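Enquirer: Just a sequence and a predicted model for now, questions to come.
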Amino acid sequence: MRKAQSFFLFISAWYLLSFLNVLPYPHTTAITFATLLVEGDPVLGKTIIEHSISSILRVVTGSGIAFLISIPLGILMWYERVYSLFYPILEVLRPIPPLAWIPLSYILFASFPNPTVFAQIFIVFVGAFFPSFVTISDYARNTPSEYIELAEVFGGDEMKILRRVVIPYSIPGIITGIRVGLGVGWMSIIAAEMIATSGSGIGYFIMVMYEVGGRMPEIISGMAMIGIIGYGMNAILLKLEERFPWHSKSRT
Amino acid sequence: MRKAQSFFLFISAWYLLSFLNVLPYPHTTAITFATLLVEGDPVLGKTIIEHSISSILRVVTGSGIAFLISIPLGILMWYERVYSLFYPILEVLRPIPPLAWIPLSYILFASFPNPTVFAQIFIVFVGAFFPSFVTISDYARNTPSEYIELAEVFGGDEMKILRRVVIPYSIPGIITGIRVGLGVGWMSIIAAEMIATSGSGIGYFIMVMYEVGGRMPEIISGMAMIGIIGYGMNAILLKLEERFPWHSKSRT
Amino acid sequence: MALEVKNVKKRFGDLNVLDGVSFTVEDGNFACIVGESGCGKTTLLKIIAGIERADEGEIIYNGRPVKKEDIGYVFQDDRLLPWRTALGNIQFAMEMRGITDKEKAKSYLELVGLKGFESYYPHQLSGGMRQRVGICRALVVNPEILLMDEPFASLDAQTRNRMQMELLKIWDRDRKTVIFVTHSIDEAVFLADKIVVLSKRPARVIDVVDIDIERPRDRTDEKFISYRRKIMRCLSSINHAPQT
Amino acid sequence: MALEVKNVKKRFGDLNVLDGVSFTVEDGNFACIVGESGCGKTTLLKIIAGIERADEGEIIYNGRPVKKEDIGYVFQDDRLLPWRTALGNIQFAMEMRGITDKEKAKSYLELVGLKGFESYYPHQLSGGMRQRVGICRALVVNPEILLMDEPFASLDAQTRNRMQMELLKIWDRDRKTVIFVTHSIDEAVFLADKIVVLSKRPARVIDVVDIDIERPRDRTDEKFISYRRKIMRCLSSINHAPQT
Amino acid sequence: TTKNTVNLVKLSPPDMLEQIKLGKIDAFVAWEPFPSKAVESGFKVFMTSKDIWPNHPCCVVAYKIGKADDKTLRALVWAHVKATRFIKNPENRDKIIEYASEFTGLDKRTVSIALQNIKYVEYPDEKEFRHYYEFLKESKILKKSVEELGYESEDSFFNDFLRKDIYQEVIKKLDENPNYVPEKASSIKLGYITGDLHHLALYVALKEGYLNQVFDKVELKQFPNGVAIMEAFRLGELDAAYLGGAPATLKRINDGIEIRIVAGVNNEGSAIIVMGDVSKPEDLAGKTVAIPGFGTVQDFLMRKVLAEGGLTVK
Ligand SMILES: Nc1ncnc2c1ncn2[C@@H]1O[C@H](COP(=O)(O)OP(=O)(O)OP(=O)(O)O)[C@@H](O)[C@H]1O
Ligand SMILES: Nc1ncnc2c1ncn2[C@@H]1O[C@H](COP(=O)(O)OP(=O)(O)OP(=O)(O)O)[C@@H](O)[C@H]1O
Ligand SMILES: [Mg+2]
Ligand SMILES: [Mg+2]
């Protein structure tokens, strides 16, 4: 019911904009989108599904590596000495956007077998790493002192406190971190594909359509595809979040 | 002490990379950086400070507007009916990266007096809005049911619960959200400046240096400037976070 | 004119907690509920307050359903908002009803012996102090029905006695309906017009004892001690546990 | 062989809480601490446990500083980890010491009457049940020194009496040193070898009463009642408050 | 099947250089000075654009309809023609090499090689322009027909799009009087592509003072590519610009961005660079080749070569 309302609101706003000649009509776009799902576009010859798969593979690899580092490192930030050693470095590197790494990453990966792919994965890595890291380390560092005190009084050393208190307490933060990180990782791959490219990917598709011109329905189809994939990834992670029965819940 | 260690670690890693001929030497870069602070670059004729100011102004405007919407809307997501109306739309729009909006935003703002600036601010807006929105709404929706119950039993209506429980509870989330949002906003402006440009900005500077070629120290100086500014913004927000005496603290 | 609890039933999944609880508290009367730990007292209080839903049964106040405005509630855990000071937590309850009267809030803190702690945050207060702030919060809104879940459990004997008398004084002045959960039979006999004894889980009403002693009551009084013994016997009989 | 609290002082900003507290508990003895709400009992226990630092003074156990391994602690708030079940919370304490013995953890839950609630999460337990889980957690690690901060405050009389006897049984078997904070003078006299009476804040030791009654004690016993009266008088004299 | 297919990718010219060095691509087509830069690094020119399509049009000067009046255009075309003639005068060779080196940031040796591959012109050949247009139409890169834009026929479209009258007027005046200077216009916002050697005339016009002679104020704006310039036209941020004929045509038709071409800049000036043994088009089979953009002149050149070798794009 509510979903239908939500959808209705969205489509109405879109029709209004089309009426004002700002966007192509939803139905035109829908037809283009449907066509692109099965047929390649004349310019690139690939379906939007093929482009999506390329992008998804890059995102999954890049963010996967990012999470492999950001989760343990974020948790370890709970240690004051790790925090004070790494925090300044990470805080200086963090605001450098993934895109700004493009020139550097090309040079860094020059000797690798497939440098464009490495560079793109690296850019996704940079994009996914920092937001997930910030969220996870925020959580870990905010572990309530009551629980730390509890573990201490029972003789838990720092290692045990980390494993039995900080980590379980931070699990919701880890999942939120993964969600936010995947989001930014997804953004980064699209951006990376827009600038440097290896012949496929949704960002590449949008950029080529934009450059060739006159393909607003194709561009919006590409954006819609990005939205749908992002929505899917998020929905899966939200399902995961519900798995924690002790997780404080708001009313439903 | 620890900061010095941190700095030392960073510089050593850099020298190592320079030794392997991957990056220019830190001292070469430092000289370039210092020069760029006071003197304009031969290609663009602007100091790095001037570029920074342009970028900062765009980020502050774009993210400012984003927060003006994401904070109240994020909080309002606590209401089940607001949530179910807006969540699906926002979840579909969220994963569309700021850069993918470039073509659309140009068309949307074509009739405005200064369309490039509007488009860039819009891209920052998109970049800053979603991460801050997700963080804030996550917090708001996770307001402990104990506190809601408390407010309810004292006859608080939804409005009062929102104002007196959900909002104060979400303040740390709002600040984290602003931090994360500013980070992505900052990324987005750099990206936006790299693609479409209005003649100044750090992203523009880096991209021009990259295109002209052979200016690795300039590129790294630009990245360093981005890092320094981002660090500064973050530090200010962390100071703000410390203002909340009730905020659960980890050991120091 | 009364608060009627009618055949209230409640299960949590497989766990049968309330199995048809019924009793009536006349308007302006002071009722105590006693029963074993985990038998369902808190659940019952929450159902009366309307923050937990009963599976069956109903709560009637003066012939109509209970409204939020009727209720003042003291939680078993202190449940203070960590971002508000002691005074702020009391004002919170007032704000929920649209009242603002800082002086009144202050005067209640003074009443419970917390003058000078107005601007302390919950984590800076002792357990008993936090509980007292919770009591002020319930009293300050002048409720028609005051629900108190073991409010004096973490107080020392002196403070507890003082608080009992203060509570009776306030109650005597305003004659509100009070439902007071306690584990102390002594406390129940000292305070109540009527004691509702619950069985172990699933809880049913095993006995309702009217305490017919003039106030102020004397704990060394013959009648007092005999009431105490009666309740104890009643409780231990259900529990089939040896009495010390 | 004793636990010595030597001239412990503690201030929180302007608030003077402990003003030179000294007493000694012989090895294997059971000591109770009584004192007004907010006088500093919890603070003192935390200092003994080493999770709060004293401004002055020291804690000596058998001639050396107290170690974490010596301590079992029952918190005034139940402080259960919300992501662990009842059983998991007890195992938590064991894990902190590198022990894993699920059966032992289970047997303690049974001891406090929580058989069948092993897999309940804290928010699904009643106040008294949560507190009992907290007690198991402290007992399960077999500490040399057991620090208990009002562990029975949220229990009904029956359960409380049962728990008191269980505690004495365990203590009698292992003869650990126990420091037990309570507000119930009755409880203190029933349990303790020695009762430490603290003044109101800033706390000083006002009296140390050795309870010289054979165990098991009878609450109706002449001697028991006279000890009770003594402690009460002692407390009320400091507080300058009328005694009920 | 890989026997006669080619993997075509889109890259920006600076990236092409990096990627061919990394062995990631086997060949690329780009405008000068990138081919010469590649030669500098040891790569080989496979074919220059002159070999593929002699006299093909490349960059042009365009203006936004309604943003520049005839007086402004006359001034602009005059400065451009003066600068082009300056470049073509062999006496100025050393000066030109110096200007080219300043403009692109490359050493003089590289630019002098690159300059040999560029033919600076004053106006493009209309027939060749239509040839290119046919390619866009056939490959379905054009989304709209000229009829949809409101023209009766392709002829009438090209008559409007390639505006030659100003140029003819200016050269006629110059023929009559070599010292002719048109009436001074107030100001112009002029765009060009960063470091593109094709746009050397603009730099010369600036350095030799031609632009200042006919404008009170000249505002220059750099862009990374022609697409960005077309977007700037759409937004009304530019009055006129130097850009490739490809994006100009594509976006004129596909996006309806209203511009006209008032002068040519250069013909030819692109080349295909290869790595390893490539001596005939067939040798590109199974390789990865890069173009700067779909629908560009370079794209067309590459496809032409591939077709000659019987290769298809994958
Ligand atoms: N972190 C803190 N910051 C400031 N004041 C504190 C802090 N912790 C405790 N106090 C103060 O110290 C005093 C003693 O607190 P404590 O918790 O030790 O009392 P208590 O004897 O355990 O009381 P109760 O019986 O009510 O639990 C109180 O006045 C309290 O406000
Ligand atoms: N949300 C819940 N989910 C599942 N079981 C619950 C929930 N809340 C309470 N229970 C169970 O209901 C029973 C009664 O709980 P309740 O808190 O009402 O007891 P109580 O009488 O207040 O006990 P105490 O005196 O110890 O506070 C307990 O067995 C408890 O485990
Ligand atoms: Mg209860
Ligand atoms: Mg205490």
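Expert: It's in. Numbering: from 1, shown residues only, chains lettered A, B, ... in the order given. Ligands and ions are numbered 1, 2, ... in the order given.

Enquirer: Check the gap between the residue of the stretch 101-250 of chain A found nearest chain E and E:K251 for me.
Expert: Ranked by CB to the nearest CB, the top residue of the stretch 101-250 of chain A for proximity to chain E is A:G214, at 2.7 Å. To be clear about C-beta, it is placed using only N, CA and C from the backbone, and glycine gets the same treatment. Distance of A:G214 to E:K251, given as CB to CB, to the nearest Å: 8 Å.

Enquirer: Number of residues surrounding E:A307?
Expert: Using other CB atoms under 10 Å in any protein chain shown, E:A307 has 12 neighbouring residues.

Enquirer: Can you tell me the element it falls in?
Expert: Assessed by DSSP states H and E, E:A307 sits inside helix E:297-308.

Enquirer: between A:G214 and E:K251, which one's more packed in?
Expert: E:K251 (25 against 19).

Enquirer: my read: that one touches E:A228, true?
Expert: No. Here E:K251 does not reach E:A228: they are 10.8 Å apart, not a contact under CB atoms under 8 Å.

Enquirer: related to what we said a few turns ago, convert the helix holding E:A307 to CSV, retaining C-alpha atoms only.
Expert: Presented in CSV, the C-alpha positions along helix E:297-308 are these (Å, rounded to 0.1, in the frame of the first residue of the first chain):
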residue,chain,number,x,y,z
VAL,E,297,36.7,11.9,-36.6
GLN,E,298,39.3,9.6,-35.1
ASP,E,299,36.6,7.0,-34.6
PHE,E,300,35.7,7.3,-38.2
LEU,E,301,39.4,7.1,-39.3
MET,E,302,39.9,4.0,-37.3
ARG,E,303,36.8,2.2,-38.5
LYS,E,304,37.8,3.1,-42.1
VAL,E,305,41.2,1.4,-41.6
LEU,E,306,39.6,-1.6,-39.9
ALA,E,307,37.1,-2.0,-42.8
GLU,E,308,39.9,-2.0,-45.2
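
Enquirer: Is it positioned near chain A?
Expert: No. Helix E:297-308 does not reach chain A (CB under 8 Å from any CB of the partner chain); its nearest approach is 10.0 Å.

Enquirer: Could you look up the SS state of the closest residue to E:R74 other than its chain neighbours?
Expert: Spatially, and ignoring its direct neighbours in sequence, E:R74 is nearest to E:P182 (4.5 Å; CB to CB, 6 or more residues apart in numbering or on different chains). Following DSSP: H, G, I helix; E, B strand; the rest coil, E:P182 is assigned to coil.

Enquirer: and E:P182, how many residues sit next to it?
Expert: E:P182 has 22 neighbouring residues, counting by other CB under 10 Å.

Enquirer: swap in the one 5 residues further on?
Expert: Number of residues near E:S187 (other CB under 10 Å) recorded here: 12.

Enquirer: For the stretch 101-250 of chain A, just list every one of the strands.
Expert: Taking DSSP state E, counting those that start in this stretch, the stretch 101-250 of chain A contains no strands at all.

Enquirer: which residues in chain C form helices?
Expert: C:41-49, C:86-96, C:102-111, C:127-139, C:157-174, C:185-191, C:222-239 (DSSP state H).

Enquirer: so which of the ones you listed comes closest to D:V112?
Expert: helix C:222-239 (14.9 Å; CB to CB).

Enquirer: CA atoms only for that closest one - export them in PDB, please.
Expert: Only the C-alpha atoms of helix C:222-239 are listed here, as PDB (Å, rounded to 0.1, in the frame of the first residue of the first chain):
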ATOM      1  CA  GLU C 222       0.400  -6.300  67.000                       C
ATOM      2  CA  LYS C 223      -2.000  -6.000  64.000                       C
ATOM      3  CA  PHE C 224       0.800  -5.000  61.700                       C
ATOM      4  CA  ILE C 225       2.900  -8.000  62.500                       C
ATOM      5  CA  SER C 226      -0.100 -10.300  62.100                       C
ATOM      6  CA  TYR C 227      -0.900  -8.900  58.600                       C
ATOM      7  CA  ARG C 228       2.800  -9.400  57.700                       C
ATOM      8  CA  ARG C 229       2.700 -13.000  58.800                       C
ATOM      9  CA  LYS C 230      -0.500 -13.600  56.900                       C
ATOM     10  CA  ILE C 231       0.900 -12.300  53.600                       C
ATOM     11  CA  MET C 232       4.100 -14.300  54.100                       C
ATOM     12  CA  ARG C 233       2.200 -17.400  54.700                       C
ATOM     13  CA  CYS C 234       0.000 -16.800  51.700                       C
ATOM     14  CA  LEU C 235       3.100 -16.300  49.500                       C
ATOM     15  CA  SER C 236       5.000 -19.200  50.800                       C
ATOM     16  CA  SER C 237       2.000 -21.500  50.500                       C
ATOM     17  CA  ILE C 238       1.900 -21.000  46.800                       C
ATOM     18  CA  ASN C 239       5.600 -21.300  46.400                       C
END
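
Enquirer: what's the angle between it and helix D:157-174?
Expert: Angle, helix C:222-239 to helix D:157-174, by axes from the mean of the first three to the mean of the last three CA atoms, to 10 degrees: 70 degrees.
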